[in-house]
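Q: What follows is a predicted structure for the sequence shown.
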Amino acid sequence: METCPDLNFSSPIIVISKCLGFAHCRYNGQIVPSLFVEAMSPFVEFIDICPECEIGLGVPREPILMVDDGSRKLIQPAIGLDLTEKMTTFSRSYLKGLEDFDGFILKSKSPSCGIRTTKVFMDPDSGKCLYHEGNGFFAETVLRDYPDLPVIDERQITDSFLMDHFLTRAFALASFRDASLSGKIHTLVEYHTRNKLLFMAYDKELLNEMGNIVANRNELPVEEVYEKYLSLLTRVLSKPLETGYVVNAFMHAFGYFSRNLNAGEKFGFMQKLQQYREDSSIIFELKKWFISRAEEFNVDYLLKQTFFCPYPPQLSGSLQIV
């Protein structure tokens with residue numbers, strides 16, 4: 001999307017592996033540059049961390065391995081050092097010490113930060129790999145203690161759909177965090193209103209539940225309303241988009257200006273919608289089309305909907321360079 005009229009974006013706080021463009025801290029002293037991480041920098045607040053350096057390992061350093069001999073361990077084979085307890089303790093205390101964060105970008109295959117990509121060995125000396133889909137020790141703590149937050153690694157950000165989902169969740173959570181600071185119901189009403197089509201595209205039933213919470217018919221304390229809403233917000237964004245819900249959201253939005261279109265234009269839209277059912281990549285083209293039509297017909301409600309532009313448009317363009 002080239003424009004995002006009438007939308008302001010809160011800045012997500014993202015915990016990121018320090019080796020992903022921030023410091024030469026990999027075991028071999030290298031750094032992993034990322035064009036997309038660079039593109040994100042003006043729009044997010046990064047908290048960079050290298051768990052291995054934080055527990056006292058130097059740069060460069062002898063490699064460490066994940067071992068499963070009946071229990072999971074983190075071993076540095078060259079000197080026979082067992083780092084399991086040290087890494088486990090650090091991971092828990094570090095994450096508990098952070099005040100706010102909206103997601104994680106971690107280093108793939110790392111014995112500390114890998115997400116279902118880390119090699120796990122039978123023992124530290126044989127070199128026999130049991131499986132390749134382990135979670136690093138730091139990543140395991142993240143996934144266990146913060147299952148509702150978006151997590152992605154530097155290889156997954158090359159997938160435009162995975163990265164779109166990650167950014168959508170992170171910016172929606174950041175915006176909610178800022179809204180909650182007001183301590184006012186009307187701010188939550190405004191947040192819910194501009195995100196209605198987005199949540200409808202994820203799960204229409206959960207959207208209705210969220211609307212009931214916002215209505216606050218039982219006159220609950222504001223803090224409790226925000227807490228209940230957040231519980232559903234993380235749920236509604238936790239799963240990938242479903243085609244049926246997305247089509248429903250597009251059709252709902254189409255009703256705001258369809259009367260201004262001729263028969264040929266309406267038919268063209270329906271064709272695009274059918275293409276989306278067969279090829280989900282059409283969603284980005286459809287969103288751009290909706291923004292242009294909403295601007296053309298001055299449909300203020302649609303121009304304020306995050307569904308069409310859930311994060312800064314500069315990042316939309318950057319999805320093509322990762």
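A: Right, received. Where do you want to start? The structure presented is a predicted model; accordingly, all values stated were derived computationally and were not measured. Numbers count the residues shown, from 1 in each chain.

Q: quick one: the nearest residue to Lys86 once chain neighbours are set aside from Ile47, how far?
A: Leaving aside its sequence neighbours, Lys86 sits nearest to Ile55 (CB to CB, 6 or more residues apart in numbering; 4.8 Å). Placement of C-beta: from N, CA and C, glycine included. In this view, Ile55 and Ile47 are 17 Å apart by CB to CB, to the nearest Å.

Q: neighbour count winner among those two?
A: Ile55 (21 against 14; other CB atoms under 10 Å).

Q: so that one makes contact with Asp82?
A: No. Applying CB atoms under 8 Å, one finds Ile55 not in contact with Asp82, separated by 11.9 Å.

Q: The chain: helices as residue ranges?
A: Using DSSP state H, the helices of the chain run over residues 35-40, 51-54, 84-97, 137-145, 160-180, 185-194, 196-202, 204-215, 222-236, 243-254, 263-278, 282-296, 300-303, 313-318.

Q: Against which helices or strands is the second one packed?
A: Pointing back at helix 51-54 there. helix 84-97 (3 or more CB pairs under 8 Å, 6 or more residues apart in numbering; DSSP states H and E).

Q: Any regions of the stretch 201-322 of the chain where pLDDT drops low?
A: 317-322 (pLDDT under 70).

Q: Of the helices of the chain, which is nearest Asn28?
A: Among the helices of the chain, the nearest to Asn28 by CB to CB is helix 51-54 (12.0 Å).

Q: Show residues contacting that closest one.
A: Applying CB atoms under 8 Å, 6 or more residues apart in numbering, the contact partners of helix 51-54 are 18, 25, 27, 59, 61, 64, 87, 90-91, 94, 112-113, 137-138.

Q: Please tabulate the helices of the chain in JSON lines, including the columns distance to Asp123 and mean neighbour count.
A: Shown next, in JSON lines, are those (distance: least, CB to CB, whole Å; neighbours: other CB atoms under 10 Å):
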{"stretch": "helix 35-40", "distance to Asp123": "36", "mean neighbour count": "18"}
{"stretch": "helix 51-54", "distance to Asp123": "21", "mean neighbour count": "23"}
{"stretch": "helix 84-97", "distance to Asp123": "14", "mean neighbour count": "15"}
{"stretch": "helix 137-145", "distance to Asp123": "17", "mean neighbour count": "21"}
{"stretch": "helix 160-180", "distance to Asp123": "34", "mean neighbour count": "21"}
{"stretch": "helix 185-194", "distance to Asp123": "52", "mean neighbour count": "16"}
{"stretch": "helix 196-202", "distance to Asp123": "44", "mean neighbour count": "23"}
{"stretch": "helix 204-215", "distance to Asp123": "46", "mean neighbour count": "16"}
{"stretch": "helix 222-236", "distance to Asp123": "39", "mean neighbour count": "17"}
{"stretch": "helix 243-254", "distance to Asp123": "46", "mean neighbour count": "17"}
{"stretch": "helix 263-278", "distance to Asp123": "49", "mean neighbour count": "13"}
{"stretch": "helix 282-296", "distance to Asp123": "47", "mean neighbour count": "17"}
{"stretch": "helix 300-303", "distance to Asp123": "59", "mean neighbour count": "16"}
{"stretch": "helix 313-318", "distance to Asp123": "43", "mean neighbour count": "17"}
